[in-house]
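Enquirer: coords please:
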Amino acid sequence: MCGIVGYIGNKRVVPVLVEGLRKLEYRGYDSAGIAVVENGELKIRRSAGKLRDLEEVLRTSPLDGQFGIGHTRWATHGRPTEENAHPHRDCKGRIVVVHNGTIDNYLDLKTRLIAAGHRFVTETDTEVIAHLLEENRAGEGVPLEDALRKVMPQLKGIFALVALTSSEAFKIVAARQGPPLVIGLGDKEYFVASDIPALLEHTRDMFFLDDGEVATVTQSGVKIVDVS
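Expert: A predicted model of the protein is given here:
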């Protein structure tokens with residue numbers, strides 16, 4: 001069980017993500033990390049240990065951004081190290097993914113992706129999702145949400161996942177197959193989280209994704225499609 005949070009809006013993104021993770025730390029305390037995009041540049045901070053360890057990293061190496069995602073991890077595949085902390089990246093470092101659940105066929109997927117030239121740097125099952133998104137974007141010619149719809153049928157297991165790319169401004173995509181994922185609607189701001197407590201400070205207008213649904217969250221709202 002892991003905690004996920006995402007935010008697009010007018011507030012400072014890093015405090016929103018960190019406070020959301022604090023409300024979700026009961027879901028995972030092995031490592032934590034955030035990724036934000038500022039003016040097209042992807043920035044990541046991660047740390048092994050509890051959320052306070054990530055906060056210390058942010059104190060000594062601060063960052064800011066315009067939208068972003070965060071994660072607090074309970075380790076399943078891969079040791080509880082900084083290297084294995086989410087968010088995870090694709091080969092080009094432009095796509096990041098956070099994930100709750102398990103991908104049962106990740107070793108088969110990883111073997112195929114390595115044979116196709118992808119380079120892996122972690123022990124996690126989650127990293128395969130980032131590389132699959134990269135593969136299915138066809139050189140960034142495919143919107144991230146369309147790539148995610150192509151990736152979902154390839155994943156065997158249970159998952160709630162959230163992703164963004166530095167090449168598509170003010171967009172977060174999310175999908176659910178099993179574990180909960182809630183969308184929050186605020187005043188010109190939008191949220192994604194693993195559980196309601198992460199959102200209550202900001203909004204009471206929220207709904208859960210159903211299994212097999214993909215959400216595209218932008219500055220103008222939320223669009224839901226069913227993969228099936």
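
Enquirer: lowest-pLDDT helix or strand in this structure?
Expert: Every helix and strand of the chain was ranked by mean pLDDT, DSSP states H and E. The lowest is strand 67-73, at a mean of 87.

Enquirer: Which secondary structure elements does it sit against?
Expert: Contacts defined by 3 or more CB pairs under 8 Å, 6 or more residues apart in numbering; DSSP states H and E place strand 67-73 against strand 3-8, helix 13-24, strand 31-38, strand 95-103, strand 157-165, strand 171-177. Every residue, glycine included, has its C-beta placed from N, CA and C.

Enquirer: deepest of those, which one?
Expert: Comparing those by mean neighbour count (mean count of other CB atoms under 10 Å), strand 3-8 comes out on top with a mean of 30.

Enquirer: So in that sheet, which strands flank that one, and in what orientation?
Expert: Strand 3-8 pairs in its sheet with strand 67-73 (antiparallel), strand 190-193 (antiparallel), by DSSP bridges.

Enquirer: contact partners of that strand?
Expert: By CB atoms under 8 Å, 6 or more residues apart in numbering, the residues outside strand 3-8 that reach it are 13, 16-17, 20-21, 24-28, 67-72, 98-100, 160-162, 164, 170-172, 174, 181, 189-195, 198, 217-219.

Enquirer: and the most centrally placed residue in the chain, how far is that from D205?
Expert: Nearest to the geometric centre of the chain sits V98, at 2.9 Å (CA atoms, centre = their mean). In this view, V98 and D205 are 23 Å apart by CB to CB, to the nearest Å.

Enquirer: How about D146?
Expert: Plainly put, D146 is 27 Å away from D205 if you go by CB to CB.

Enquirer: Please identify which of these two sits among more neighbours.
Expert: Neighbour count, other CB atoms under 10 Å: between D146 and D205, D146 has more, with 17 against 12.

Enquirer: for the more buried one, what are its contacts?
Expert: By CB under 8 Å, 6+ apart, D146 lies in contact with N136.
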